[in-house]
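> how would this look folded up:
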Amino acid sequence: MRAVIPYKKQNAKSRLSPVLSLEEREHFVELMLRDVVKSLKEADIKNIDILTTPSNGVPQDLEVNIHSSEHDLNEAINDYLEKMQDPVLVIMADLPMVSPKHLKEISSADEDLVIVPGKGGGTNILFIKNPDKFHVKYYGSSFLNHCNIAKEMQQSIHVYDSFLLSTDIDEPHDLVEIMLHGHGASREYVTEKFDVKTGKARVKLCI
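So this is what the prediction gives:
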């Protein structure tokens, strides 16, 4: 099997701009990428591809394969899938709370397609056993899109329900979840920059 990580560093994570500068955001997304790659390697997934544009630098010390594309997310991933014969795990780069245990459970499922839902109807991870017989459709309600595509292609589906994997890091309040449940370089970075405020209501980020 292979894992592919779509990655964008340049002007990344604009919705975090109330708490992180552009330079800080670009550094932070690199740290999240490092955490995702580390978990993949610890899950014994050796073939790791980063799908990015030529203008987005991927650290050379990650020891991954770099695939450059000028296309948008859907077209870039679909071009990639068309060339693959082995099962493919598509995982987003902003999932720093993923663990090797998660990845082993996902990749050991019996179904043709494993979908990990994201917040608001998104898709955070896809494990595709027949990549040349599937295509992705991100944006909007991509979770429903991918369920419908699988049904149309008569592919069996397993929905992997996980709070930690549904939490992609987009908004300032998502940083609290890294501080509470995360690990690795991204958690260390966030805990050095922020504190949390506790009380009768939910834990909040101190800005």
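> Identify each buried residue in the helix ranked longest in the chain, please.
Longest helix of the chain, by residue count under DSSP state H: helix 22-42. Applying a neighbour-count criterion of 16 or more other Cβ atoms under 10 Å, one finds 25-26, 28-41 buried in helix 22-42. The C-beta positions use only the backbone N, C-alpha and C, and glycine is treated the same way.
> Of all pairs in the residues you listed, which one is the farthest apart?
Greatest spatial distance among the buried residues of helix 22-42 (Cβ to Cβ): R25 and K41, at 24.9 Å.
> Just want to check the distance between E111 and Y160.
10 Å (Cβ to Cβ, to the nearest Å).
> Spell out, range by range, the strands that occur in this structure.
Along the chain, counting by DSSP state E, strands occupy 2-6, 48-52, 65-68, 88-91, 113-117, 123-128, 157-159, 195-197, 204-206.
> N145: which of those is closest?
strand 123-128 (7.8 Å).
> Could you check how far that closest one is from the centre of its chain?
Remark: strand 123-128 is offset 9 Å from the chain centroid, using Cα atoms, centre = their mean, to the nearest Å.
> Run me through the strand neighbours of that strand, direction for each.
Sheet pairing here is set by DSSP bridges, and for strand 123-128 it gives strand 88-91 (antiparallel), strand 113-117 (antiparallel).
> Please enumerate residues in contact with the first one?
Strand 88-91 has contacts (Cβ atoms under 8 Å, 6 or more residues apart in numbering) with 1-6, 36, 40, 45, 77, 80-81, 98, 103, 106-107, 124-128, 131, 136.
> re earlier: will you turn the strands of the chain into TSV that also has distance to V176?
Formatted as TSV, the strands of the chain follow (distance: least, Cβ to Cβ, whole Å):
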stretch	distance to V176
strand 2-6	24
strand 48-52	28
strand 65-68	32
strand 88-91	22
strand 113-117	20
strand 123-128	18
strand 157-159	26
strand 195-197	6
strand 204-206	5
